[in-house]
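Visitor: Next one to model:
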Amino acid sequence: MLHAGDHVQLSSRLDDGKHGYVYAARMFRADELAEDGAVRFHLRTSAGLYVNVALVFLNSAKEKISHAIVSSDTNQAIPMPAGTEWIRLGLRVIGSGDTDVLALVRGAVSPRLDQITGLGRALLLTKDYPRYDNLYRYGFVHRRVLAYGQAGTRVDVFRFSSQALEFSEFQGIDVVAGQSEHLSMLVRATTTGACSCMPWTRRCGRQ
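Guide: Numbering: from 1, shown residues only. Take a look at the predicted model:
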């Protein structure tokens, strides 16, 4: 890891499928990172290396209570376990590659959906979809989406949610979670032929 101006360069030479951790030099008091019982943040990175955010929750004696591993480049709201006094913050990298850690934003980043469109040839609507912290939720839908991809059809996934708009990915599949008005805006942007990339893809153009 190398500091370079206003960002941090992160390099990994791990074998495929292997992972490793790098942690901040100091621990944070819970009130430094959490608000209303949850840690809310958005870690912005560049393309090139798969990066998760790792949080370790500790009590007043700095003993581990629990931990969470969540995706970067999406808004996160992690409930803080009862008794948490300290938080250890780090990054988990998988495989090899290089990336720039651009910013750790406290709170949420609001995307402009009216300027965003998918890259897939099809859009799948679903009540739920697997996530890295819930691997088996609607796994049959994920398997079908992977099969579409293997057959040559890239699919974007929209997951209905009562929460704020959220972007993520799961095993290479782009997922946007939002409410009905977000879906309407996404469909309108797609049908008008706009060429703006979803924030998790980092590239424009259609396949």
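Visitor: Next SSE downstream of the lowest-mean-pLDDT helix or strand in the chain?
Guide: Ranking every helix and strand in the chain by mean pLDDT, DSSP states H and E puts strand 2-4 at the bottom, with a mean of 51. For strand 2-4, the following helix or strand on the C-terminal side (DSSP states H and E) is strand 7-13.
Visitor: which helices and strands sit right next to whichever helix or strand residue 144 is part of?
Guide: According to DSSP H and E, residue 144 maps onto helix 139-150. Contact here means 3 or more Cβ pairs under 8 Å, 6 or more residues apart in numbering; DSSP states H and E; on that basis helix 139-150 packs against strand 122-126, strand 155-160, strand 173-178. C-beta coordinates here come from the backbone N, C-alpha and C atoms, glycine included.
Visitor: Comparing these, which yields the minimum mean pLDDT?
Guide: For the helices and strands packed on helix 139-150, mean pLDDT drops lowest on strand 173-178, to a mean of 83.
Visitor: Just name whatever secondary elements that one is in contact with.
Guide: Partner elements for strand 173-178 (3+ Cβ pairs under 8 Å, 6+ apart): helix 139-150, strand 155-160, strand 166-170, helix 180-191.
Visitor: Return the set of buried residues in the strand ranked longest in the chain.
Guide: Using DSSP state E to define each element, the chain has its longest strand at strand 96-106. Neighbour counts over strand 96-106 (16 or more other Cβ atoms under 10 Å) mark 97, 99, 100, 101, 104 as buried.
Visitor: Same check on stretch 160-180?
Guide: 165, 166, 167, 168, 169, 170, 173, 174, 175, 176, 177, 178.
Visitor: How about stretch 78-95?
Guide: Buried residues in stretch 78-95 (16+ other Cβ under 10 Å): 78, 80, 84, 85, 86, 87, 88, 89, 91, 92, 93, 94.
Visitor: Let's see the distance spanning that stretch from one end to the other.
Guide: End-to-end span of stretch 78-95 (Cα to Cα, to the nearest Å): 25 Å.
Visitor: Could you list the low-pLDDT ranges of this structure?
Guide: Applying pLDDT under 70 to the chain flags residues 1-6, 110-119, 162-164, 188-207.
Visitor: Let me see the domain layout of it.
Guide: As given by automatic domain parsing, the domain ranges for the chain are 2-106, 113-191.
Visitor: So which residue is dead centre in the protein?
Guide: Nearest residue to the geometric centre of the chain (Cα atoms, centre = their mean): residue 71, 3.4 Å.
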